[in-house]
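J.: Below are the sequence and a predicted model for it; my questions follow.
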Amino acid sequence: MKNLSLGALLFVVLFLGTHFSEARLQVCNPSGKIIGKKPPPGQCNQENQSDCCKQGKSYTTYKCSPPVSGSTKAVLTINSFEKGGDGGAPSECDNKYHSDDTPVVALSTGWYSGGSRCLKNIKISANGRTVTAMVVDECDSTMGCDDDHDYQPPCDNNIVDASKAVWKALGVSGDVGELDITWSDA
């Protein structure tokens, strides 16, 4: 009888622990894959060291991003939101191009949240500095490797794709690639 009660108690503890930790963590799992296509000649603007899709390579897609907190960890990448820049089309939020001298960003699909953060400011911190930037676009985590996405792969689910002005405000200049940051709604 004592062993049965101890076993039942252990089961309940394990069940509740697993149940509540899953709800708290809310892991963002991949939603699928797309297969890369070779860009046609003259396509895929590689300004700012943008990657181009590779024929036959498998790219992971996401419909979600990690949960947003007061200090959400992310990876900062660089993007030109200017006409003719590696961002491609006008920004999703306002159908406009934006100067590289303006602090603007695109967020991964989950954080973009169907446009709910459009034209709202976020705070980005790194290198002991903080900058405020406006969300103007989505860094698509669900699609890529096509004309609409300038033959670039889908974004990872933890990307804040920023203009040169954001990088400059964080004290980073010259050749930039990726930078670990934290961000929050302003």
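T.: Yep, it's here. All of these numbers come straight from a predicted model, not from anything done at the bench.
J.: now the strands for the protein?
T.: 32-35, 58-61, 72-78, 104-108, 121-126, 129-139, 159-162, 178-185 (DSSP state E).
J.: I'd like the ones you listed as CSV, with mean neighbour count and distance to Asn95 appended.
T.: Yep, even glycine has a C-beta here, placed from its N, CA and C like the rest. CSV is the format used below for the strands of the chain (neighbours: other CB atoms under 10 Å; distance: least, CB to CB, whole Å):
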stretch, mean neighbour count, distance to Asn95
strand 32-35, 13, 26
strand 58-61, 16, 25
strand 72-78, 19, 22
strand 104-108, 26, 14
strand 121-126, 18, 19
strand 129-139, 21, 10
strand 159-162, 25, 18
strand 178-185, 16, 23
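J.: right, and the ones you listed - which one's nearest Cys44?
T.: strand 58-61 (13.9 Å; CB to CB).
J.: mind listing what that closest one pairs with, with the direction of each?
T.: strand 32-35 (antiparallel) (DSSP bridges).
J.: circling back: with mean pLDDT and distance to Gly171 added, can I get the strands of the chain in CSV?
T.: Formatted as CSV, these follow (pLDDT from 0 to 100; distance: least, CB to CB, whole Å):
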stretch, mean pLDDT, distance to Gly171
strand 32-35, 95, 36
strand 58-61, 96, 32
strand 72-78, 95, 12
strand 104-108, 98, 17
strand 121-126, 98, 8
strand 129-139, 97, 6
strand 159-162, 96, 13
strand 178-185, 96, 10
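J.: Distance to Gly42 added to the ones you listed, as JSON lines?
T.: JSON lines is the format used below for the strands of the chain (distance: least, CB to CB, whole Å):
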{"stretch": "strand 32-35", "distance to Gly42": "22"}
{"stretch": "strand 58-61", "distance to Gly42": "22"}
{"stretch": "strand 72-78", "distance to Gly42": "22"}
{"stretch": "strand 104-108", "distance to Gly42": "24"}
{"stretch": "strand 121-126", "distance to Gly42": "33"}
{"stretch": "strand 129-139", "distance to Gly42": "23"}
{"stretch": "strand 159-162", "distance to Gly42": "23"}
{"stretch": "strand 178-185", "distance to Gly42": "27"}
